[in-house]
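Q: What shape does this take:
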Amino acid sequence: AQNSPSQASPTYNLTLPYHNPIPGGLRVGMSIYMQGVASEHMKRFFVNFEVGQGQGADVAFHFNPRFDGWDKVVLNSKQNGSWGNEERKMSMPFHKGAAFELVFMVMMEHFKVVVNGTPFHEFKHRIPLQMVTHLHVDGDLMLQSINFIGGQPPSNQMPMPAKALPTMEGPPAFNPPLEEPSLSRATYPTAKSFVINFKVGSSGDVALHINPRVTEGAVVRNSFLNGSWGSEERKVPYNPFGPGQFFDLSVRCGADRFKVYANGQHLFDFSHSLSAFQRVDLVEIHGDVTLSYFQI
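A: Numbering: from 1, shown residues only. Presented below is the predicted three-dimensional model:
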């Protein structure tokens, strides 16, 4: 889906420690979505929501999984240089050597933590949200991507084209059902084929049909207009769709074409019929795929 005015572009393959400003600052309704892989020899890692970037910065929320024989996740805050009352979850949602999806949803009264689509913990705010400026991540993990959703865009963010699908405010939906009028990020464990259609509900026309065929190693694109399929396109510079692989798909809508990016890299363009494009009101997804979240 096209990045809306309230969504910053994802950052990929990050070097640790990650210690950077939160685009537009923290606010209610914002979600921070991370993908990574826990080290096979993981002992611990942390995610800090910090007030400033200095060495002694206050920490509004410290999220700290620890593999230490009594596997647990420690949650805390630090104010005026002193740690507060520690909260502990004596359960471990991460697995050594395994990929994970970690989401922090900023609610009015607390941070809601979701791991691999399952709610894990709610941590009540101890420091005002508006004071948080930086995100700090480090430890025994490989950080594949971070996406800030629902915050103000960076100053160089381009606005949406006038003729694009409607924007959706607020946090994304996680593990949604497979037919939704919106699209963004997905993962799938074992796959042969799946389909993404940008569709006109009233006529059944499809302005863009994306069909990754894993067994063929192909990414097929086409359109279905006035009862007929058009010319099939298959050529791509690389194929991001492999069995068990995470991927992030962004479909940007221009005046005469769709521009599709996978994991931050341009994958293909597809020219569209303007009349069909202007009537698209449904995104249809089915096949061997599990959605993690979507946003339009």
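Q: what about the residue nearest to residue 85 when sequence neighbours are not counted, how many neighbours?
A: Nearest residue to residue 85, sequence neighbours excluded (C-beta to C-beta, 6 or more residues apart in numbering): residue 76, at 7.4 Å. Backbone N, C-alpha and C define where each C-beta goes, glycine included. Residue 76: 18 surrounding residues under other C-beta atoms under 10 Å.
Q: hang on, isn't residue 21 packed against residue 133?
A: Yes. Residue 21 lies in contact with residue 133 (C-beta atoms under 8 Å); the separation is 6.0 Å.
Q: out of the two, which sits in the busier spot?
A: For residue 21 and residue 133, the more surrounded residue by other C-beta under 10 Å is residue 133, and the numbers stand at 17 against 12.
Q: how close does the more buried one get to residue 204?
A: As judged by C-beta to C-beta, to the nearest Å, residue 133 and residue 204 stand 49 Å apart.
Q: residues touching residue 220, list them.
A: 209-213, 232-234 (C-beta atoms under 8 Å, 6 or more residues apart in numbering).
Q: Mark out where each domain of this structure begins and ends.
A: 11-149, 173-294 (automatic domain parsing).
Q: and the first one, how far out from the chain's middle?
A: In this view, domain 11-149 has its centroid 15 Å away from the chain centroid, taken as C-alpha atoms, centre = their mean, to the nearest Å.
Q: ok, and the closest non-adjacent residue to residue 213?
A: Nearest in space to residue 213, with sequence neighbours left out and distances taken as C-beta to C-beta, 6+ apart, is residue 193 at 4.8 Å.
Q: where does the chain dip in pLDDT?
A: 1-10, 150-191, 244-246, 264, 292-296 (pLDDT under 70).
Q: residue boundaries of the helices in it?
A: All helices of the chain, identified by DSSP state H, fall at 274-279.
Q: distance of the residue nearest to residue 85 from residue 125?
A: In terms of C-beta to C-beta, residue 76 sits 13 Å off from residue 125.
Q: Please point out which parts of stretch 228-245 sit buried.
A: Residues 236, 239-241 are the ones in stretch 228-245 that count as buried (16 or more other C-beta atoms under 10 Å).
Q: thinking again about what came up before, quick one: which of the contacts of residue 220 sit in strands?
A: 209-213 (DSSP state E).
Q: By neighbour count, which of those wins?
A: Using other C-beta under 10 Å as the neighbour test, these are led by residue 212, with 28 neighbours.
Q: residues in contact with the closest residue to that residue other than its chain neighbours?
A: Nearest residue to residue 212, sequence neighbours excluded (C-beta to C-beta, 6+ apart): residue 241, at 4.0 Å. Residue 241 makes contact with 191, 212, 214, 219, 247, 262, according to C-beta under 8 Å, 6+ apart.
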